[in-house]
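> sharing a sequence plus its predicted fold:
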Amino acid sequence: MAITREDVKHVARLARLSLTEEEIQAFTEQLSRILEHVACMNRLDVTDVPPTYHAVALQHVLREDKPQPSLERETVLALAPEAEAGCYKVPKITEG
Amino acid sequence: MSGMTHKLSAARLNRLFLAGELSAVEIAESALSRIAQVEPAVGAFLHVAEEHVIERAKKLDARRKAGDTELGPLAGVPIAVKDNICTCGMPTTCASRILEGYVSPYDATVVERLRASGAMIIGKANMDEFAMGSSGETSAFHVTRNPWDLERVPGGSSSGSAAAVAAGEVPLALGTDTGGSIRQPAAFTGIVGLKPTYGYVSRYGVVAFASSLDQVGPMGRDVEDVARLFEVIAGPDRRDATNAGRTPPALKFGGDPSLTGLRIGVPKEFFGEGIDAGVKARLQEAIAQLAALGAEVEECSLPATEYALHAYYVLALAEASSNLARFDGVRFGYRAAQSGGLNDMYSKTRAEGFGSEVKRRIMLGTYVLSAGHYDAYYRKAQQVRTLVIRDFARAFERYDAVVTPTTPFTAWRIGEKINDPVSMYLGDICTIPVNLAGLPAISVPCGFADGLPVGMQLIGKHFADAQLLQMAWAYQKVTKHHEARPALTEEGGR
């Protein structure tokens, strides 16, 4: 499964990573090599094998919907790169 | 006073503290002096909390003098915490630029439990960035060196936790294990490391890498200390939805070491091509020792092993790409200077904040989850995971435990594999199947190959962690490999 530069650029967009030319080049080669390796799995017939998403069987447990104490808003906002008026502040979200 | 902490076990320090023979301040000062001595050479810590630990020690001393009888099983014991575990009042960076300077406003459950047990958290241990790596070299801040040979890696991703214990800076450390990150560095540095059953230890407040595989566990110089720390951190926690709600049985060690009545399988797939001759020889001796202790040992097969590594990388990276989406420069951590819109800010922040191994894994994870590739990679890997689980289930119908090398080779030279991800990933072949199946496994020192430590891995049934510790204790009792110490000089070098 060869990965192209275009694939790498597409995936980088999905992953919100801006890559340098050198990184695009390196990832194109490395991802191809790793995926080629991973493709060994295709030698196995898994037609009737169910997928496992969790190795230890657990059941959903419901709890009462009661408010619990949580962290102070000020404490948490103080960790943000930018905050204003009790909210996180981000750059403009519409790009034109 | 230097030397106290690198000679005494956690159990002994706790006993001496409770008996009033050593004050917590004396212990803390001794550990700090050992750290000052060896850190320039070893580099196990990202942050040493000198003031915090002395303050904490003074409080413990005051409580003891006031006659407090509930000081706890780790009272007076200095401990290192891997830097992906949230500690209130200390940095938690995951060895990444993207979290540089981040101080968590809350404690992880395991840290709360440490504090309640009387432990003294002395600092945050270096690691591979976001636990992604097998050598410690992907830390954004500095490399950690193996105390047995300073030119070699200590293993990873719990590189600092392992090196700090091996170099005698602390008797105990917390690590995390997603594909071998406790066991492999334990093997490379000649210490004991336990990866508990998935769900035994809370993951609340532990920065997620691959949520269906991650587990926190203890690392120490002997099995008793590791068991003591395991008992402190394991147990129910409603804040972790994947916690099993179980409390481990109380552990006691003593009497004649014996494995009589136990059956141990030796899976042939772990002893074939690719295993270093020295490692293989030590394992054969260790297996003979298990038999001499009374265990019934025979060869078995785990045929899906060959494919476990592939499935692991697909699953771990898919989960990682999703978990690491939260590092976006909005709520915490680094934000890149830029002039564009929100997407531009995300992409530049992540490009500048993450190192190359983390980017590589996010890229792979995003690729396998992207439209058109899901069935070929992600679903397939989950099916292979089922086969790996079935292999173990079959083996455990017949055996109480399975024994393998922890790693196919000993610690490599710094820089040797960093540009060869496939070769580095192959080194995790012995530890990865355990995480896929959610099983407990322990790495115990079993001697040396060319002067470098070798680890034996014992894998047990779900929630048989206590039984594994008992088996490891019996082995340790008759072999004494764990008593070997690296000859770090007074200047901290070799």
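Sure thing, it's come through. Residues are numbered from 1 along each chain as shown, chains lettered A, B, ... in the order given.

> going forward, measure contacts and count neighbours with C-alpha atoms only.
OK.

> and the residue most central in space within chain B, what's its pLDDT?
The residue lying closest to the centre of chain B (CA atoms, centre = their mean) is residue B:182, at 2.2 Å. On the pLDDT scale, residue B:182 is placed at 98.

> hmm, residue B:175 and it touching each other?
Yes - if you go by CA atoms under 8 Å, residue B:182 and residue B:175 touch, sitting 5.7 Å apart.

> got any residues that touch both of the two?
The contact sets of residue B:182 and residue B:175 overlap at B:158, B:217, B:219 (CA atoms under 8 Å, 6 or more residues apart in numbering or on different chains).

> who wins on neighbours among these?
In terms of neighbours by other CA atoms under 10 Å in any protein chain shown, the shared contacts of residue B:182 and residue B:175 top out with residue B:158 at 37 neighbours.

> surely that residue is in contact with residue B:124?
No - using CA under 8 Å, residue B:158 makes no contact with residue B:124, being 11.1 Å away.

> overlap in contacts, the two.
Shared contacts of residue B:158 and residue B:124 (CA under 8 Å, 6+ apart): residue B:82.

> returning to what we had before: what's near enough to touch the residue nearest to the centre of chain B?
Listed by CA under 8 Å, 6+ apart, the contact partners of residue B:182 are B:156-158, B:162, B:175-176, B:193-195, B:217, B:219.

> residue A:80: what secondary structure?
Secondary structure, DSSP: H, G, I helix; E, B strand; the rest coil: residue A:80 is coil.

> residues contacting the residue nearest to residue B:465 when sequence neighbours are not counted?
Excluding the flanking residues, the one nearest residue B:465 by CA to CA, 6 or more residues apart in numbering or on different chains is residue B:440, at 5.8 Å. Residue B:440 makes contacts with B:194-198, B:434, B:459-465, B:468, as judged by CA under 8 Å, 6+ apart.

> ditto for residue A:15
Neighbouring residues of residue A:15 by CA under 8 Å, 6+ apart: B:321, B:325, B:362-363, B:366.

> pLDDT wise, what is it at?
Listed pLDDT for residue A:15 reads 97.

> any idea how far it lies from residue B:367?
Separation of residue A:15 from residue B:367 (CA to CA, to the nearest Å): 9 Å.

> now do residue B:207
Distance of residue B:207 to residue B:367, computed by CA to CA: 22 Å.

> ok, now residue B:238?
34 Å.

> show me which of the two is the more surrounded one.
Between residue B:238 and residue B:367, residue B:367 has the larger neighbour count (other CA under 10 Å), namely 27 against 13.

> correct me, but the more buried one touches residue A:10?
No - contact between residue B:367 and residue A:10 fails when scored by CA under 8 Å: they sit 9.1 Å apart.

> which of the contacts of residue B:440 fall within strands?
Within these, residues falling in strands by DSSP state E are B:194-195, B:459-460.

> chain A contacts on the stretch 201-350 of chain B?
Proximity of the stretch 201-350 of chain B to chain A, by CA under 8 Å from any CA of the partner chain, involves residues B:212, B:242, B:244, B:307, B:310-311, B:313-314, B:321, B:325, B:329-335, B:340-343, B:345-348, B:350.

> quick one: mean pLDDT over the helix or strand harbouring residue B:57.
Using DSSP states H and E, the element containing residue B:57 is helix B:50-65. The pLDDT scores in helix B:50-65 average 98.

> relative to helix B:50-65, how tilted is whichever helix or strand comes after that helix?
Where DSSP H and E defines the elements, the next helix or strand beyond helix B:50-65 is strand B:78-82. Calculated by axes from the mean of the first three to the mean of the last three CA atoms, to 10 degrees, strand B:78-82 forms an angle of 140 degrees with helix B:50-65.

> list the contacts of strand B:78-82.
Residues from elsewhere that reach strand B:78-82 (CA under 8 Å, 6+ apart): B:27-28, B:31, B:119-127, B:158, B:160-161, B:164, B:170-176.

> which is the next helix or strand following it?
helix B:109-116.

> quick check: angle from that following helix to strand B:78-82?
170 degrees.

> tell me the helices and strands packed up against the longest helix along chain A.
Secondary structure of chain A read by DSSP state H shows that its longest helix is helix A:21-38. With contacts taken as 3 or more CA pairs under 8 Å, 6 or more residues apart in numbering or on different chains; DSSP states H and E, helix A:21-38 sits against helix A:5-14, helix B:305-323, helix B:356-369.

> tell me which of those helices sits nearest to residue B:94.
Residue B:94 lies closest to helix B:356-369 among the helices and strands packed on helix A:21-38, at 11.4 Å (CA to CA).

> now the closest one: buried residues?
Across helix B:356-369, burial judged by 16 or more other CA atoms under 10 Å in any protein chain shown covers B:357-369.

> among these, which are in reach of chain A?
Residues of the buried residues of helix B:356-369 in contact with chain A (CA under 8 Å from any CA): B:359-360, B:362-364, B:366-367.

> just put these in CSV and tack on pLDDT.
Compiled in CSV, these are given as follows (pLDDT from 0 to 100):
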residue, pLDDT
B:359, 97
B:360, 95
B:362, 97
B:363, 97
B:364, 95
B:366, 97
B:367, 96
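
> what number of residues lie near residue B:288?
Neighbours of residue B:288 (other CA under 10 Å): 13.

> report pLDDT for residue B:338.
pLDDT recorded at residue B:338 is 81.

> one more: residue B:442?
In this model, residue B:442 is scored at 98, pLDDT.

> low-scoring stretches of chain A, by residue?
For chain A, the stretches flagged by pLDDT under 70 are A:1, A:95-96.

> so which residue is dead centre in it?
With distances taken as CA atoms, centre = their mean, residue A:15 lies nearest the centre of chain A, 6.8 Å away.

> which residue is the nearest non-sequential neighbour of residue B:111?
Using CA to CA, 6+ apart, the closest residue to residue B:111 is residue B:87 (6.6 Å).

> for residue B:468, that is, sorry about that
Spatial nearest neighbour of residue B:468, excluding adjacent residues (CA to CA, 6+ apart): residue B:460 at 6.2 Å.

> pull the contacting residues for that neighbour.
By CA under 8 Å, 6+ apart, the residues touching residue B:460 are B:400-402, B:439-441, B:467-468.

> give me the buried subset of these.
Neighbour counting by 16+ other CA under 10 Å classes B:400-402, B:439-441, B:467-468 among the contacts of residue B:460 as buried.

> related to what we said a few turns ago, pull out the buried residues from the contacts of strand B:78-82.
For those, a burial check counting by 16+ other CA under 10 Å picks out B:27-28, B:31, B:119-127, B:158, B:160-161, B:164, B:170-176.

> next step: those restricted to helices.
Reading helices off the buried ones among the contacts of strand B:78-82 with DSSP H, I get B:27-28, B:31, B:160-161, B:164.

> can you lay out those residues as TSV showing pLDDT and distance to residue B:297?
Converted to TSV, those look like this (pLDDT from 0 to 100; distance: CA to CA, whole Å):
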residue	pLDDT	distance to residue B:297
B:27	97	43
B:28	97	44
B:31	96	42
B:160	98	35
B:161	98	33
B:164	98	35
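
> so where is the stretch 1-150 of chain B shaky, pLDDT-wise?
Using pLDDT under 70, the flagged stretches of the stretch 1-150 of chain B are B:1-5.
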